[in-house]
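Student: got a structure for you, letters missing:
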Ligand code: IMP
């Protein structure tokens, strides 16, 4: 039976979406990214090999899969060329790449503007990949779309409009304007290398749905980083939630059958912004070191905290999760005590819905419960029944709050450490 499945991060990103996409991609015909750019970092471990993907969807590692970069994605051409080249060298590029001509291009100006804002102290801890400025240029209607930029007939006009808009912005922001000649000189190589991959991605996806193929729409970042539903302004600049899968590809909402939420057994966040269940100290160091909580893209140490069921319940409702995958339960092994946040106290009142404002979220007091069961042996379990009582209790707590089944439990980075229920 054919399906269109969306995969969404249920927290602040880095939940392990790449691993689950790779697993579900076993039966997929098309895997598409629909938002974000190379601010993302997905790690997929196959046998001895570890692949870090930033722009390409995880399906690109499987033969017979079409790996789509949808119209909602922003593409840094140099970063994409490097990613394709690295995968080719490792003989790991198995799928067929298809880039939507409507995807927007990240230029050097965008990266400089992003970095300059971070350096003034007015930033929010971005990845400095130029993502926010690119989406801002898109909304301002002067940015270059990759199809128009790589097509010789429209290249000149597209580039001039983008460079004019960016020049004015750089000057206003006090950023040294990059040499236009340098950018123009790169376009030929981008066209030669990436041009063959550009094609009508929306039509390919619509045909796939019509013809009963299996389609996976792979989200980047996480629900709480969504520009509308996340902790604004401490968010990324795109819709990371399930609605973005439709606008970022052109597939109608009604064509989506399943929405998978991916959640870690604890929570991490990179960059600034409220984080009610954040912890420091020994337990935090354990989560960072055992969980290897350092950014795939920037290498930054991630902030860590206990599982937040209030945030997870909200994510399940906003995205309409039909299934959840619980990741990295094995990391809790060895901790003296594992806690879970079941409610927030806001101005003396107990709430099970997060406040809308990020500033109000900063002030909530999390109410924690200690998980009574044990996590010892989690990494050795090969079936759901074999998992220790602590994992069972977490799963029950999540299912009660999120009102959807935890259908996958992952207890290690390898493809083989994944337990299906
Ligand atoms: P930007 O997406 O680079 O503009 O960064 C905006 C916010 O999103 C910052 O807090 C980043 O740390 C965060 N962010 C962006 N991409 C990721 C990701 O893939 N994982 C986790 N956090 C991310």
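Tutor: Received it, and whenever you're ready, just let me know what you need. Bear in mind that the values here come from a model prediction, so they are computed numbers and not experimental data. Residues are numbered from 1 along each chain as shown.
Student: stretch 276-292 near the ligand anywhere?
Tutor: No. Using C-beta under 6 Å from any ligand atom, stretch 276-292 stays clear of the ligand, with a minimum separation of 13.8 Å. From N, CA and C alone the C-beta is placed, and that goes for glycine too.
Student: distance from that stretch to the middle of the chain?
Tutor: For stretch 276-292, the separation from the chain centroid amounts to 21 Å (computed by C-alpha atoms, centre = their mean, to the nearest Å).
Student: what mean pLDDT does that stretch get?
Tutor: If you average the pLDDT over stretch 276-292, you get 97.
Student: same question for stretch 62-69.
Tutor: The predicted model gives stretch 62-69 an average pLDDT of 94.
Student: ok, stretch 186-199 next?
Tutor: Per-residue pLDDT values over stretch 186-199 give a mean of 96.
Student: same deal with stretch 4-20?
Tutor: Predicted confidence along stretch 4-20 averages 94 (mean pLDDT).
Student: how about stretch 360-374?
Tutor: 96.
Student: tell me the buried residues in that stretch?
Tutor: 361, 364, 366, 367, 368, 371 (16 or more other C-beta atoms under 10 Å).
Student: show me the contacts for residue 263.
Tutor: Under the criterion of C-beta atoms under 8 Å, 6 or more residues apart in numbering, the contact list for residue 263 reads 10, 11, 15, 307, 312, 315, 324, 325, 326, 327, 398.
Student: mind checking the SS state of it?
Tutor: Taking DSSP: H, G, I helix; E, B strand; the rest coil as the rule, one finds residue 263 in the strand state.
Student: ok, now residue 250?
Tutor: With three-state DSSP as the basis, residue 250 sits in coil.
Student: state the phi and psi torsions of it.
Tutor: Dihedral angles phi and psi of residue 250 (degrees, to the nearest 10) take the values phi 90, psi 0.
Student: quick check: the gap between it and residue 146.
Tutor: Taking C-beta to C-beta, to the nearest Å as the measure, residue 250 and residue 146 are separated by 15 Å.
Student: can you name the residues bridging to the closest residue to residue 399 other than its chain neighbours?
Tutor: Beyond its immediate neighbours in the sequence, the residue positioned closest to residue 399 (C-beta to C-beta, 6 or more residues apart in numbering) is residue 406, lying 5.8 Å away. Here residue 406 sits in beta bridges with residue 324, going by DSSP bridges.
Student: what does the stretch 101-250 of the chain have sitting close to the ligand?
Tutor: Of all the residues in the stretch 101-250 of the chain, those lying near the ligand are 124, 125, 126, 127, 129, 131, 132, 220, 221, 225, 236, 237, going by C-beta under 6 Å from any ligand atom.
Student: any idea which helix is longest in this structure?
Tutor: Counting residues, the longest helix found in the chain (DSSP state H) is helix 152-173.
Student: same for it, what does it pack against?
Tutor: helix 108-119, helix 131-139, helix 146-150, helix 180-194 (3 or more C-beta pairs under 8 Å, 6 or more residues apart in numbering; DSSP states H and E).
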